[in-house]
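Chemist: I'd like to go over a predicted model; first the sequence, then the structure.
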Amino acid sequence: MGKVLLLSLLIFSSSLYAEQNSKQQKIDELINVMNMDAMVDSMYGQVEGMMKGMSDQMGVKPSEQAIFDKYYGDMTTVLKTEMSWAKMQPMMISVYDKHFSEQEIADMLAFYKTDTGQKILEKMPVVMQESMQMSQSLMKDAMPKIQDIAGKLSEELKASREHVN
């Protein structure tokens, strides 16, 4: 009886391992087909562009440019170290494993191998960048209003607390 149970557990665990290994292989292939490492490199370029814009926002004078450039270089190094593909890849694998079934991974893989799927992957970084720029523009307009509301909230909470004490 014990041998039958042990054999059943062994077969079950082997099939579970094979299923996980198959899913893992599909996730790895999907990440490769999606060129996620290149997307991360593209993200660096977008973030670096935003960081360069900081120079204008901070009103860096030509005489201060060397100081800014030093810190900009340090920020770029931190970004590329802390958000490297080597660090992100295991996390991305885990996210895809957690949220998608093996069949869903297979379906995405099939789609992203098509011409349309490849075009989406090719254009998505630009679409995302433009979307972020639009969102930032809208946020810039909304921020003074949000700060005003937050200031009123803070004042009312302060008054309420003083009244209670």
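Modeler: Cool, the structure landed.

Chemist: ok, residue 40 - contacts?
Modeler: Residues in contact with residue 40 (C-beta atoms under 8 Å, 6 or more residues apart in numbering) are 83, 84, 85, 88. All C-beta atoms are positioned from the backbone trio N, CA, C, and that covers glycine.

Chemist: what helix or strand is it located in?
Modeler: Following DSSP states H and E, one finds residue 40 within helix 36-57.

Chemist: ok, then the element right after that helix?
Modeler: Using DSSP H and E, the helix or strand that follows helix 36-57 in sequence is helix 65-82.

Chemist: burial count for residue 113?
Modeler: By the criterion of other C-beta atoms under 10 Å, residue 113 has 12 neighbours.

Chemist: now the phi/psi pair for it, please.
Modeler: Backbone torsions for residue 113, taken as degrees, to the nearest 10, come to phi -80, psi -10.

Chemist: could you find the closest non-adjacent residue to it?
Modeler: residue 33 (6.0 Å; C-beta to C-beta, 6 or more residues apart in numbering).

Chemist: same question for residue 83.
Modeler: Nearest in space to residue 83, with sequence neighbours left out and distances taken as C-beta to C-beta, 6+ apart, is residue 40 at 7.3 Å.

Chemist: got it, and residue 48?
Modeler: Leaving out its chain neighbours, the residue that sits closest to residue 48 by C-beta to C-beta, 6+ apart is residue 76, at 6.2 Å.

Chemist: can you state the direction angle for the helix ranked longest in the chain and helix 36-57?
Modeler: Criterion DSSP state H: the longest helix present in the chain is helix 115-164. The directions of helix 115-164 and helix 36-57 differ by 50 degrees, with axes from the mean of the first three to the mean of the last three C-alpha atoms, to 10 degrees as the criterion.

Chemist: when you give positions from now on, start the count at 32
Modeler: OK, 32 is where the count begins now, so the last one is helix 146-195.

Chemist: what is the mean pLDDT for helix 146-195?
Modeler: Average pLDDT, helix 146-195: 87.
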